[in-house]
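K.L.:
Model the following, please.
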Amino acid sequence: MIHRSIKDAASRSRRIVNSMLPAGVIQSKLHKRIYMQFADKIGLVYFGYVDQRVDEHRLVRGLTVSATHKDNNYCIGSYGGYDIVLLERQDTLHFPGKPTRHHTWIIMEFDLHTAIDIPHIFFGLHTHTDTFYAQLFTKFSTLVQSPLGTLGTYDRSFTDRYSLYTTSAQALDVERLFDPETAKEMAAHFGSLTVEIADGCLYVYAEHQRLTPSLLDVMLRNGKWLAAHIDERAKVLHIS
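P.N.:
The predicted structure is shown next:
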């Protein structure tokens with residue numbers, strides 16, 4: 001009975017302390033617990049905060065990398081035959097004439113197996129901010145919107161949500177890699193996730209979404225499926 005009273009008092013004390021913490025601190029603790037539980041479930045190693053200026057970890061690149069970003073809840077390991085990195089990245093984007101925007105991305109990176117040089121590709125949501133796209137096209141000036149439809153009609157479930165960006169010289173190769181059926185599958189299962197392929201890696205991004213174990217499961221499941229599709233399809237199509 002005494003033991004139970006002590007436990008109840010300790011529990012009340014924790015609730016009181018938590019109620020006094022700023023909302024950002026509480027959210028940070030919650031996020032850390034979700035990432036750690038997810039990493040433990042699928043066999044990743046959790047490192048927490050990492051400094052991009054230190055070479056002791058593998059830097060996740062792609063379109064969100066910058067001199068000012070901050071990475072936290074860094075996890076690394078392998079799943080389903082793919083080396084993966086999971087992290088939460090924050091950055092504030094500035095562009096002349098555009099509103100300053102603070103961004104938080106959940107990023108899952110998959111190392112592709114194919115040795116074929118896949119073009120730089122980005123599946124961009126129509127809901128991304130003007131500031132985001134201004135930064136994107138300044139950083140990657142060769143990216144242009146691909147005029148889909150050369151090899152078939154793309155379902156509106158895809159075109160109403162995404163635009164596909166790549167280099168103009170490789171637009172046809174990219175359309176062969178992501179044909180209308182593949183795009184329709186992505187629209188059906190990726191929700192509001194975005195995708196980038198660059199430098200032999202597949203990046204799956206979630207932004208403006210509440211972090212939950214189910215969101216991480218969706219990113220993992222669909223990222224693995226798409227990575228396997230790219231590896232197999234690139235081999236068949238001999239993309240150069």
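
K.L.:
which parts of the top helix by length along the chain are buried?
P.N.:
With DSSP state H applied, the helix covering the greatest number of residues in the chain is identified as helix 213-237. Judged by neighbour count using 16 or more other C-beta atoms under 10 Å, the buried positions of helix 213-237 are 215-216, 218-220, 222-224, 226-231, 233-234. All C-beta atoms are positioned from the backbone trio N, CA, C, and that covers glycine.

K.L.:
repeat for stretch 88-98
P.N.:
Applying a neighbour-count criterion of 16+ other C-beta under 10 Å, one finds Glu88, Arg89, Asp91, Leu93, Phe95 buried in stretch 88-98.

K.L.:
so how far does that stretch reach from one end to the other?
P.N.:
24 Å (C-alpha to C-alpha, to the nearest Å).

K.L.:
Pull the residues that contact it.
P.N.:
With contacts defined as C-beta atoms under 8 Å, 6 or more residues apart in numbering, stretch 88-98 is touched by 31, 35, 60, 64, 66, 68-73, 100-107, 129-132, 134-135, 138, 211.

K.L.:
which non-adjacent residue is nearest His31?
P.N.:
Excluding its sequence neighbours, the residue lying closest to His31 (C-beta to C-beta, 6 or more residues apart in numbering) is Leu211, at 5.5 Å.

K.L.:
got it, and Ile106?
P.N.:
Using C-beta to C-beta, 6+ apart and skipping residues adjacent in sequence, the residue nearest Ile106 is Ala206, 4.2 Å away.

K.L.:
hang on, isn't that neighbour packed against Thr212?
P.N.:
No. Ala206 is not in contact with Thr212 according to C-beta atoms under 8 Å; the separation is 10.2 Å.

K.L.:
out of those two, which sits in the busier spot?
P.N.:
With other C-beta atoms under 10 Å as the criterion, Ala206 and Thr212 differ in neighbour count, and Ala206 comes out ahead with 22 against 11.

K.L.:
Just the element for that one, please.
P.N.:
Taking DSSP states H and E as the criterion, Ala206 maps to strand 201-207.

K.L.:
the strands in this structure, which residues?
P.N.:
Here the chain has its strands, by DSSP state E, at 45-50, 70-79, 82-93, 101-111, 121-125, 143-145, 162-167, 194-198, 201-207.

K.L.:
so what's Val204 up against?
P.N.:
When contacts are counted by C-beta under 8 Å, 6+ apart, Val204 is found next to Ile107, Met108, Glu109, Phe110, Leu193, Thr194, Val195, Met219, Asn222, Gly223, Leu226.
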